[in-house]
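Novice: Give me the fold of what follows.
(2 chains)
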2 protein chains.
Amino acid sequence: MKIISKIVEMQKLSDKWRQEGESISFVPTMGSLHKGHLSLMEEGKKRGDRLIISIFVNPTQFGAGEDFKEYPHDFKRDSELAKGVGVDVIFSPSIPEMYPEGFQSFVAIDKLTKTLCGISRPHHFQGVTTVVAKLFNIVKPHLAFFGKKDFQQLVVIQRMVKDLNYDLEVIGLPIIREDDGLAMSSRNKYLSREERVTASSLNRSLILARKMYQEGIRNAREIEKKVEQIVGENGLIKIDYIRICDQENLLDIDRVNQKAQLAVAVNIGATRLIDNCELGEEK
Amino acid sequence: MKIISKIVEMQKLSDKWRQEGESISFVPTMGSLHKGHLSLMEEGKKRGDRLIISIFVNPTQFGAGEDFKEYPHDFKRDSELAKGVGVDVIFSPSIPEMYPEGFQSFVAIDKLTKTLCGISRPHHFQGVTTVVAKLFNIVKPHLAFFGKKDFQQLVVIQRMVKDLNYDLEVIGLPIIREDDGLAMSSRNKYLSREERVTASSLNRSLILARKMYQEGIRNAREIEKKVEQIVGENGLIKIDYIRICDQENLLDIDRVNQKAQLAVAVNIGATRLIDNCELGEEK
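Specialist: Sure, this is the predicted structure:
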């Protein structure tokens, strides 16, 4: 396994592999790898000849007062995990390598980023799309893997790839959960024991919402209200949003259909957690 | 020579050529080809194994009330000229092919687009960078050629390529001029006979500015003032800006140095014309 920190070196190697007819799978990460990342990497390994992951805690996708400085990292542990999966390259650039002096370009997606997390994190998605656009130009993958835990991010990246004609396929993979149902996230580490116990109510509320749908309830507001009750009953959780929206355009829907997604964002203490599920199909 | 209108077909062909180890030169155009374009194409032919040009009048870089609808086009003549140079592919997509329903992404450059032409054409450069980013992802060139007539555009594209890590080289080539010095532009066709005669004062003013520099004058405002006199003496010409700026950051400079560029934009009747020259070196 190679560790590459220079953009030009990564581009040359990817070019070489492409010229040799090898397909490249790519998993962009901010490190602090957990089973969610590992599931992306395993799928990438299976579907491509070469597997590249990036580890880069991207400052531009954190807002003021967010957890950029606290974001957990353990490169040694991450690289051991990556090696275990059979990663060919960890691309791990420095911040000045990615954002040299004079940097002033950005990639933005309009409507899809103005809703859900985009409301409380107004610059977040522009940071994400800009760094992912850069990473795509550096890593030159055929396949790029993202987790569905960050559902809005996945939809936004898919839109970017389509709109800007990136010649690659974006693959979204299922949320990986802890035993009690909490969606895997690097931010789970921030939770105190009490908060951690409380956090499982997120997934419980999603399960109930799916049950309501399966029982024939189609009124989105009615389901959202029930979710709010469950999540909100513990005083530790502050709800950012609970929304049933269309899976493609992310707009609110009133009547739940096969293309409905339930998305939830909360703050538990200083920790922001998100989760989501399809309603139309049992998972 | 192939004419390709579908994005996927273009990407596949470029991929094939790249896999075969061939280098790709690319000249993006809005058609209405003139000797300026031809000089770019000839250089592209010389420096790459394959030469691709695009012909696409990009609606998103025209402002309200600008000349999108009038923009001249003659595909038959353009393709004959391209064939003459030895172009391998004209990529000529439709507007819905480039901007399908739901399109909502853009690429933008910050500071460099807030000055010069960016002031009177506030959305122009975002339209340019977005379409060029798309074209780079579609054509996948090793070398991309732009004329120095659109000096700010060249600087903006170079910034975009650097910031977003497009793995290609942007090459700026000298302005090609008519016999009387008027910079070649598709928009010159809009000029009446009287306007056309008047337009040559732009280049005359640049020549004088260079002469002032060579004579030792270093005060930028003094040179700008003289240029303004020459360009403004004919009532047909309405000046948008006359600015001596730094070639890299496009900011105003007071004292002219080796990195100074003089840039001029005017309206003659309904026609917008731009021109520019280096001051530090004789051309």
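
Novice: nearest spatial neighbour of A:Asp163, skipping sequence neighbours?
Specialist: B:Ser105 (3.5 Å; CB to CB, 6 or more residues apart in numbering or on different chains). Backbone N, C-alpha and C define where each C-beta goes, glycine included.

Novice: how many other residues sit next to that neighbour?
Specialist: Close neighbours of B:Ser105, defined as other CB atoms under 10 Å in any protein chain shown, add up to 22.

Novice: right, and it touches A:Phe106 too?
Specialist: No - the criterion here is CB atoms under 8 Å, and B:Ser105 misses it with A:Phe106 at 11.1 Å.

Novice: Next, see if the top helix by length along chain A gets close to chain B.
Specialist: Longest helix of chain A, by residue count under DSSP state H: helix A:124-139. Yes - residues of helix A:124-139 contacting chain B under CB under 8 Å from any CB of the partner chain: A:129-130, A:133-134, A:137-138.

Novice: next one: phi and psi at A:Ala220?
Specialist: With angles defined as degrees, to the nearest 10, A:Ala220 sits at phi -60, psi -40.

Novice: Now do the strands in the stretch 51-200 of chain A.
Specialist: All strands of the stretch 51-200 of chain A, identified by DSSP state E, counting those that start in this stretch, fall at A:89-91, A:105-109, A:143-147, A:169-173.

Novice: Could you dump those strands into TSV with distance to A:Ala209 and mean pLDDT added?
Specialist: Listed next are the strands of the stretch 51-200 of chain A as TSV, based on distance: least, CB to CB, whole Å; pLDDT from 0 to 100:
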stretch	distance to A:Ala209	mean pLDDT
strand A:89-91	38	98
strand A:105-109	27	98
strand A:143-147	20	98
strand A:169-173	20	98
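
Novice: Just put the ones you listed in CSV and tack on distance to A:Arg221.
Specialist: CSV is the format used below for the strands of the stretch 51-200 of chain A (distance: least, CB to CB, whole Å):
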stretch, distance to A:Arg221
strand A:89-91, 45
strand A:105-109, 27
strand A:143-147, 28
strand A:169-173, 27
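
Novice: Contact residues of the stretch 101-250 of chain A facing chain B?
Specialist: Residues of the stretch 101-250 of chain A lying near chain B (CB under 8 Å from any CB): A:102-112, A:129-130, A:133-134, A:137-138, A:140, A:159-160, A:163-167, A:249.

Novice: Would you pull up the residue in the stretch 151-283 of chain A closest to chain B?
Specialist: A:Asp163 (3.5 Å; CB to the nearest CB).

Novice: tally of neighbours for that residue?
Specialist: Neighbours of A:Asp163 (other CB under 10 Å): 23.

Novice: I'd guess A:Gly235 is in a strand, am I close?
Specialist: No - A:Gly235 is assigned coil when assessed by DSSP: H, G, I helix; E, B strand; the rest coil, not a strand.

Novice: Can you give me the neighbour number for it?
Specialist: 7.

Novice: where does A:Gly216 land in three-state SS?
Specialist: Under three-state DSSP, A:Gly216 comes out as coil.

Novice: got a pLDDT number for it?
Specialist: Looking at A:Gly216, its pLDDT is 96.

Novice: so how many other residues sit close to it?
Specialist: Neighbours of A:Gly216 using other CB under 10 Å come to 6.
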